[in-house]
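Q: 3D, please:
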Amino acid sequence: MATVTYIFMVLFLIMAGYIVYFVLHDSDKVLNNSYNKRQDLLAKRVTKGSILSDKGKVLAETKTDKKGNETRYYPYDGLFAHVVGRASHGKTGLEASEGYTMLTSEIHPMLSVMNELKGEKDPGNNIVTTLNVKLSQIAGNALGAQKGAVVVIEPDTGKILAMVSSPTYNPNTLTDAAWKRLTSDAEEDSALYNRATQGLYPPGSTFKLYTALEYMREEEAYNKFHYRCTGSIGKGKDRIKCYGGEVHGRVDLTDAFAESCNAAFCQIGSKLDISLWRKTCESLYYNKNVPLDKLEQKASQFAITSSSALGDVMQASIGQGDTLVTPLQNTLLVCAAVNGGSVMKPYVVDHVEDYEGNILTTNEPEKISEPISKAEAKTLKRLMRATVTSGTATSLRYGSYQAGGKTGSAEFQNGSTDSHAWFVGYAEQKGKKLVVSIVVERAGTGSAYAVPIAKKIFDAYW
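A: You can find the predicted model right below:
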């Protein structure tokens with residue numbers, strides 16, 4: 001009898017523990033799941049709240065006609081479609097992940113009873129995001145008709161100020177016919193796809209940040225590195241050229257980074273301990289999802305192992321081969337370098353407020369890791385600064401701010417002359433900091449196509 005009693009006690013404790021875990025960890029996900037029928041019941045008596053920008057501008061709202069029919073309206077058409085999402089043809093973005101929250105009302109119970117007697121609905125709660133309309137518009141306009149993505153983030157808070165994916169679609173005009181065209185995707189635009197969190201691209205030379213970091217950790221005398229670039233390295237099918245066949249001559253680590261010398265970084269990568277390198281990459285969210293709760297994403301990939309061929313290792317050292325990254329994940333090492341070694345949790349929901357503007361819950365900045373030391377952060381920042389002062393991003397020298405970063409031209413198809421244009425970097429002035437990650441598909445060099453977008457964003461911020 002005592003054994004049976006103990007078994008039941010253990011089972012009870014397990015169940016109680018699960019209930020506590022569910023309430024603290026999973027209840028929000030279940031309640032905000034678009035398949036949760038409770039939302040349909042709430043929608044019969046609550047008008048879904050709005051989604052607002054960081055300055056209170058409406059990004060999504062419910063409009064009701066004279067007959068009482070409700071539709072969701074998006075004032076900026078497709079600009080925020082991938083983050084804010086849509087409410088028809090399957091909910092996505094914040095429309096999905098914050099659906100239950102916006103269908104919850106904090107109205108006084110007596111007023112709720114009066115609304116029910118009058119046949120009126122209660123007003124739902126509003127979601128206030130971290131998204132900045134001005135920066136988003138600048139990023140969207142700069143991308144124009146080109147395919148690509150832009151992520152703008154505050155490194156010291158984790159607030160995502162802009163997340164733009166192109167091409168996009170207009171959720172206001174999402175008829176059945178328009179939906180059929182989007183899903184058939186005859187032109188292979190993938191307009192429904194959030195390239196910022198789901199697009200996997202070879203990082204190209206932006207990955208040299210990771211190669212440099214690992215080299216610094218393994219080579220105590222990294223400051224004494226030197227290499228004579230002849231424009232290429234390797235032989236036969238494993239031969240790797242510097243971009244455009246450029247011959248850089250004698251370079252140290254700073255020169256090799258700033259001028260983006262492929263040959264020098266292939267030489268560096270070929271000497272690294274692969275298991276340690278992999279550990280370094282995974283500490284910055286390669287091979288796993290970035291801790292961003294509200295949006296769908298794919299994990300960046302670092303596939304090199306100790307059994308990989310030398311040619312594959314050298315390709316990985318310059319961000320080619322099977323290495324793939326999302327624009328969001330590509331901000332993290334820059335954020336750590338600018339933030340003294342710490343990475344803050346990225347987030348897009350600042351707070352929830354009721355229909356009168358009273359704040360109900362707030363997301364506070366949260367440090368999720370400290371993957372690099374202060375000394376490493378200082379050195380990486382110095383390397384990125386050299387890219388602007390004497391390397392491939394010199395057009396950023398002339399702002400009122402101090403900028404740094406890394407350009408990239410990522411080949412994405414064997415035998416193709418096309419490349420994705422990349423820039424990851426930072427700007428700071430008087431204590432304010434900003435980090436950007438920009439990819440423009442099939443555009444060419446990062447210095448020619450991605451850096452100008454960064455400059456427009458930095459110029460507008462200060």
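
Q: least trustworthy helix or strand in the protein by mean pLDDT?
A: helix 27-31 (a mean of 48; mean pLDDT, DSSP states H and E).

Q: mind listing what's buried along stretch 431-450?
A: Applying a neighbour-count criterion of 16 or more other CB atoms under 10 Å, one finds 433-443, 445-447, 449-450 buried in stretch 431-450. All C-beta atoms are positioned from the backbone trio N, CA, C, and that covers glycine.

Q: out of the residues you listed, which are inside helices?
A: Among these, the members found in helices (DSSP state H) are 446-447, 449.

Q: and the residues you listed, which is closest to residue 167?
A: residue 449 (16.4 Å; CB to CB).

Q: what sits against that closest one?
A: The neighbours of residue 449, taking CB atoms under 8 Å, 6 or more residues apart in numbering as the test, are 146, 421, 440, 443.

Q: what's the mean pLDDT across the helix or strand harbouring the second one?
A: Okay, so that is residue 421. Using DSSP states H and E, the secondary-structure element containing residue 421 is strand 419-429. On average, the pLDDT along strand 419-429 is 97.

Q: so of the contacts of residue 449, which ones are in strands?
A: 421, 440 (DSSP state E).

Q: same list, the contacts of residue 449, but as a markdown table with distance to residue 334 please.
A: A markdown table is the format used below for the contacts of residue 449 (distance: CB to CB, whole Å):
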| residue | distance to residue 334 |
| --- | --- |
| 146 | 22 |
| 421 | 17 |
| 440 | 18 |
| 443 | 20 |
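
Q: and of the contacts of residue 449, the nearest to residue 48?
A: Nearest member of the contacts of residue 449 to residue 48, counting by CB to CB, is residue 146, at 33.9 Å.

Q: for that closest one, give me its contacts.
A: 166, 440-441, 443, 449.

Q: circling back to that earlier point, of the ones in helices among the buried residues of stretch 431-450, closest to residue 379?
A: Closest approach to residue 379 among those (CB to CB): residue 446, at 21.6 Å.

Q: next, the contact list for the closest residue in space to the closest one that isn't next to it in sequence, please.
A: Of all residues not flanking residue 446 in the chain, residue 407 sits nearest, at 3.3 Å (CB to CB, 6 or more residues apart in numbering). By CB under 8 Å, 6+ apart, the residues touching residue 407 are 205-206, 260, 387, 391-393, 421-423, 445-447, 450-451.

Q: at 7 Å instead, please
A: Applying CB atoms under 7 Å, 6 or more residues apart in numbering to residue 407 gives the contacts 205, 260, 387, 392-393, 422-423, 445-447, 450-451.

Q: any chance of those residues in a markdown table, with distance to residue 235 too?
A: Formatted as a markdown table, those follow (distance: CB to CB, whole Å):
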| residue | distance to residue 235 |
| --- | --- |
| 205 | 22 |
| 260 | 22 |
| 387 | 30 |
| 392 | 27 |
| 393 | 32 |
| 422 | 28 |
| 423 | 32 |
| 445 | 26 |
| 446 | 28 |
| 447 | 29 |
| 450 | 32 |
| 451 | 33 |
